[in-house]
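[1] sequence and computational prediction follow.
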Amino acid sequence: MIRINKRVFSKLFIVSLPVLVLLFQGCTKKESYKLAVLQWSDRVPAYCNAFDGFMDTLRAKGYVEGVNLKVLRFSCDENRELAKKFAEKLIQWQPNIFLVLGTPAALEAKKVLQKERSKIPLIFTATTSPDRTGIIPSYLSPPKNMAGIGVEIPVVERVKVIIEAFPWAKKVGIVYFPDTRPAVITSQDFAKTLSSLGGKPELLFLNSSELEESLRKIDELAKKVDLLYFAPDPVLYSSPFLNKALHVAMKNKVPVVGITRDIAEKGAVLSEYVSYYEAGEEAADMAYKVLSGLSPDKLRSRPSNSRHIRVNLTVARKLNITIPRPVLLRADDIIDSPEGN
């Protein structure tokens, strides 16, 4: 007769419970899945945040790296030739899901998939205006074997928030590098919208191979405008250059508005942004449905549902700026250090 110690059995059950969950959630069709990841840059925190959100959500749904999920990830180092080369390698690996982070990487991956006539499902995120940059025909027309999440906030919404927060700022400098199509599109749209609402935009496009000269141009622009808007741009938001550009603005006592969460704590007065982590979570929900058997053709690509406003009152005080109360009430986060620390 076999005797079972209830206390020992209880401990064994608790220890084995996560394994049982994985068996039911993530291993219903196969013992192991492959995830290929192509990331435009690992120097831009937003892309890494999107990847973290994607992986955390997959893990919560039962797909765990090292248990039932293999991950092969390449960073393109902001180089299109590398993006093409890595995309070819990842396709040869025959993954179950191909995750792409960043607009240029998505465009190169799409070309390679089409050339190889591959049926590997592609999920994209951390892409600005995918419907206008060639990733997808439109949000209403799902492309074959592709789906994803855009990270843009409608330009009209951005401009209206700036006008509400800085009603006295008529001359607005719009700063961007024309290295990527999304940066050009969003900057030009911003200028047109601002002009239609009574503002006076001044576009400043910079040369990514001449960063010191670019800082000098920002310095010149800051002397002529009431406010600087840093457009969605992976080069502009690379940490070393961004910190220097914010320093130039502060030296000229000109407020900066940006589009990432961390730019507010680095020195911008206001940021309206999409959380790339949350966009990654939304993309993972799509990937989960595909891994569960749904065709990407049945998924509708869309902009992220994420919308956030962050205000740095500490910087505003240094610049002698008052942010209207309605804007503060809508802010998700307010950085407020009366001592300026």
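    It's in. Residues are numbered from 1 along each chain as shown.
[2] which stretches of this structure have low pLDDT?
    1-30, 338-341 (pLDDT under 70).
[3] switch to 80 and redo it
    The chain contains residues with pLDDT under 80 at 1-31, 142, 234, 239, 338-341.
[4] what domains does the record give for this protein?
    Domain segmentation of the chain under automatic domain parsing yields 30-151+276-303, 155-273+307-335.
[5] I'd like these as TSV, with mean neighbour count appended.
    C-betas here are computed from N, CA, C, even on glycine. Formatted as TSV, the domains of the chain follow (neighbours: other CB atoms under 10 Å):
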stretch	mean neighbour count
domain 30-151+276-303	20
domain 155-273+307-335	18
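[6] residues touching residue 40, list them.
    Contacts for residue 40 (CB atoms under 8 Å, 6 or more residues apart in numbering) come out as 47, 75, 76, 78, 83, 101, 102, 103, 104, 105, 126, 234.
[7] the fifth one touches residue 106, doesn't it?
    Right, the one you point to is residue 83. No - the pair residue 83 / residue 106 is not scored as a contact, 9.1 Å apart, by CB atoms under 8 Å.
[8] and residue 314, that one's in a strand?
    No - checked against DSSP: H, G, I helix; E, B strand; the rest coil, residue 314 lies outside a strand; its state is helix.
[9] quick one: stretch 263-276 to chain centroid distance?
    13 Å (CA atoms, centre = their mean, to the nearest Å).
[10] first-to-last residue distance for it?
    Stretch 263-276 has an end-to-end distance of 14 Å (criterion: CA to CA, to the nearest Å).
[11] likewise stretch 108-122?
    End-to-end distance for stretch 108-122: 12 Å, by CA to CA.
[12] and that stretch, how far from the chain's centre?
    On CA atoms, centre = their mean, the centre of stretch 108-122 falls 22 Å from that of its chain.
[13] repeat for stretch 181-192
    That offset, for stretch 181-192, works out to 17 Å (CA atoms, centre = their mean).
[14] contact partners of that stretch?
    103, 127-129, 132-134, 152, 155, 158-159, 174, 176-178, 201, 203, 205, 229, 231-236.
[15] looking at these, which are in helices?
    103, 155, 158, 159 (DSSP state H).
[16] any idea what the nearest residue to the first one once chain neighbours are set aside is bridged to?
    Read it as residue 103. Counting by CB to CB, 6 or more residues apart in numbering, residue 103 lies nearest to residue 127, which is 4.6 Å off, once chain neighbours are set aside. Beta bridges link residue 127 to residue 150 when assigned by DSSP bridges.
[17] for residue 127, what are its contacts?
    100, 102, 103, 106, 133, 135, 148, 149, 150, 151, 182.
[18] for residue 323, same thing?
    165, 269, 270, 311, 313, 316.
[19] for it, give its distance to residue 164.
    Separation of residue 323 from residue 164 (CB to CB, to the nearest Å): 9 Å.
[20] show me what contacts residue 195?
    residue 201.
[21] actually residue 316, not the one I wrote
    Shown in contact with residue 316 (CB under 8 Å, 6+ apart): 255, 269, 322, 323.
[22] rerun at 6 Å
    Residue 316 makes contacts with 269, 323, as judged by CB atoms under 6 Å, 6 or more residues apart in numbering.
[23] so which strand or helix has residue 98?
    strand 97-101 (DSSP states H and E).
[24] also residue 112?
    Residue 112 belongs to helix 103-115, assigned by DSSP H and E.
[25] check the offset of that helix from the chain's centre.
    In this view, helix 103-115 has its centroid 18 Å away from the chain centroid, taken as CA atoms, centre = their mean.
[26] before we move on, what about stretch 92-101?
    19 Å.
[27] tell me where the stretch 151-300 of the chain has helices.
    155-165, 181-196, 211-222, 239-251, 261-266, 276-291 (DSSP state H, counting those that start in this stretch).
[28] mind checking the ones you listed for the one nearest to residue 68?
    helix 276-291 (10.5 Å; CB to CB).
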